[in-house]
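Trainee: quick one: sequence plus predicted model below, questions after.
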Amino acid sequence: MNSVSTPSRHFLPALLADGRPLLSLTGIALLLSGGFALFLSATGAFLPQDVDYLGMRVQDLCGIGQCRIVHFMFHDRVSFGGVLISIGTLYLWLAEFPLKEGEAWAWWTFFVSGLTGFGSFLCYLGYGYLDTWHGVATLFLLPVFILGMWQSFALLKENRTITSLVSNLRKIEFTSGTGIGLICLLLTGMGMMGAGAVIMIVGMTRVFVPEDLLYLRLTASQITLINPHLLPLIAHDRAGFGGGLFSTGVLVLLITLHARPAPHLWQALALAGTTGFVCAISIHFCIGYLVFSHLAPAFAGTGLFMTGMALIFKDCFAKPVSPR
């Protein structure tokens, strides 16, 4: 029997490869985290550390004010879960397609979105509450993400600097259907960034907007009297959602500016956008939070996104795609 020589390879470096598996692992972890947030909300459960922090069970809190406080908290958590699934989906796409081809803009898109996403972790400290599960998950994901970024930098082919984000932008013909579609997606991304920034700021300061208090039928002072730990916990949820929404907006904006039309691009954007918007809007109907001024930005964003996706569909599917 002839012996066959095989290259000498080490196990861990082979698994880490070019860093993309680690970035994909980050995306998968975000998908699972988002799904877990949706599951907890659907089953009406708090995390154990939330119960310990409040000193109240969900059932106890639900007995106050027709369960509106609990429903309001779940509305933030469902929205956050949808955002995490959106980010995870787009991370998987970035790692498998443009980054695999060595496109520098994809690496820097990871960098900017990761900086804003992980950076928003600091917002939780603004109101004095950080759940241990979130802290452990971040401590696990951050080094995985950083190592993946470090390893994958070698893949980049041309213009490895951050200026790749402003060079070789996709040409937008403002008079064409595809061009108008791209503009709609750019506006969607910018809208997400603006909304995310506002939610983060509100979460760290006032916690509620007037529409929130109208739904709750309580003032912030009255909520504090019910339990002094409620405001920090709600602020924590709001900051997390705001940071995730801002990071999603960054991804949508930069992907729209740079990505070449292809079926996989349209499919990834469709999955990410549909999940995010459906979660953010449908939960309001589930809990009866139907203040028009509160929902109008979400409906406007959904309309822009759907219009943009419809107008770029032909460009993504009608043209032949070079093999990956």
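Mentor: Great, that's in hand. Every value quoted in this text rests on a predicted model; they were computed, and no experiment measured them.
Trainee: from here on, just use CA atoms for contacts and neighbour counts.
Mentor: Noted.
Trainee: burial of residue 23, as a residue count?
Mentor: 28 (other C-alpha atoms under 10 Å).
Trainee: tell me the phi and psi of it?
Mentor: phi -70, psi -40 (degrees, to the nearest 10).
Trainee: spit out the contact partners of it.
Mentor: By C-alpha atoms under 8 Å, 6 or more residues apart in numbering, residue 23 lies in contact with 91-92, 95, 144-145, 148-149.
Trainee: among these, which one has the most neighbours?
Mentor: Neighbour counts for the contacts of residue 23 peak at residue 91, which has 27 neighbours (criterion: other C-alpha under 10 Å).
Trainee: and for that one, nearest residue in space, chain neighbours not counted?
Mentor: residue 27 (5.2 Å; C-alpha to C-alpha, 6 or more residues apart in numbering).
Trainee: quick check: that neighbour vs residue 95, distance?
Mentor: 9 Å (C-alpha to C-alpha, to the nearest Å).
Trainee: what about this protein, any weak spots by pLDDT?
Mentor: By pLDDT under 70, the low-scoring segments of the chain are 1-16, 122-128, 319-324.
Trainee: tell me where it has helices.
Mentor: Applying DSSP state H to the chain gives helices spanning 11-16, 20-43, 48-54, 58-62, 68-96, 104-119, 132-152, 177-204, 210-216, 220-226, 230-258, 263-287, 292-318.
Trainee: I'd like these written out as JSON lines, with distance to residue 162 added.
Mentor: Shown next, in JSON lines, are those (distance: least, C-alpha to C-alpha, whole Å):
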{"stretch": "helix 11-16", "distance to residue 162": "24"}
{"stretch": "helix 20-43", "distance to residue 162": "19"}
{"stretch": "helix 48-54", "distance to residue 162": "40"}
{"stretch": "helix 58-62", "distance to residue 162": "47"}
{"stretch": "helix 68-96", "distance to residue 162": "16"}
{"stretch": "helix 104-119", "distance to residue 162": "6"}
{"stretch": "helix 132-152", "distance to residue 162": "14"}
{"stretch": "helix 177-204", "distance to residue 162": "19"}
{"stretch": "helix 210-216", "distance to residue 162": "40"}
{"stretch": "helix 220-226", "distance to residue 162": "43"}
{"stretch": "helix 230-258", "distance to residue 162": "12"}
{"stretch": "helix 263-287", "distance to residue 162": "22"}
{"stretch": "helix 292-318", "distance to residue 162": "27"}
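Trainee: out of those, the one nearest residue 169 is which?
Mentor: Nearest of the helices of the chain to residue 169, taken as C-alpha to C-alpha: helix 230-258 at 5.3 Å.
Trainee: which elements pack onto that closest one?
Mentor: Here helix 230-258 touches helix 68-96, helix 104-119, helix 177-204, helix 220-226, going by 3 or more C-alpha pairs under 8 Å, 6 or more residues apart in numbering; DSSP states H and E.
Trainee: wait, which of the ones you listed is closest to residue 140?
Mentor: Among the helices and strands packed on helix 230-258, helix 104-119 comes nearest to residue 140, with 11.8 Å by C-alpha to C-alpha.
Trainee: return the set of buried residues in the closest one.
Mentor: 104-111, 113-114, 116-118 (16 or more other C-alpha atoms under 10 Å).
Trainee: hmm, residue 30 and residue 84 touching each other?
Mentor: Yes: with contact defined as C-alpha atoms under 8 Å, residue 84 and residue 30 form a contacting pair (5.4 Å).
Trainee: comparing the two, which residue is more hemmed in?
Mentor: Using other C-alpha under 10 Å as the criterion, residue 84 and residue 30 rank with residue 84 on top: 29 against 23.
Trainee: excluding chain neighbours, what is closest to that one?
Mentor: residue 34 (4.9 Å).
Trainee: that neighbour against residue 83, yeah?
Mentor: Yes: using C-alpha under 8 Å, residue 34 makes contact with residue 83 at a distance of 7.3 Å.
Trainee: okay, these two: which has more neighbours?
Mentor: Using other C-alpha under 10 Å as the criterion, residue 34 and residue 83 rank with residue 83 on top: 32 against 23.
Trainee: and the residue nearest to residue 155 when sequence neighbours are not counted, how far is that from residue 94?
Mentor: Counting by C-alpha to C-alpha, 6+ apart, residue 155 lies nearest to residue 102, which is 4.9 Å off, once chain neighbours are set aside. According to C-alpha to C-alpha, residue 102 stands 11 Å off from residue 94.
Trainee: just residue 311 next, same as before
Mentor: Taking C-alpha to C-alpha, one finds residue 311 at 22 Å from residue 94.
Trainee: done for today, thanks.
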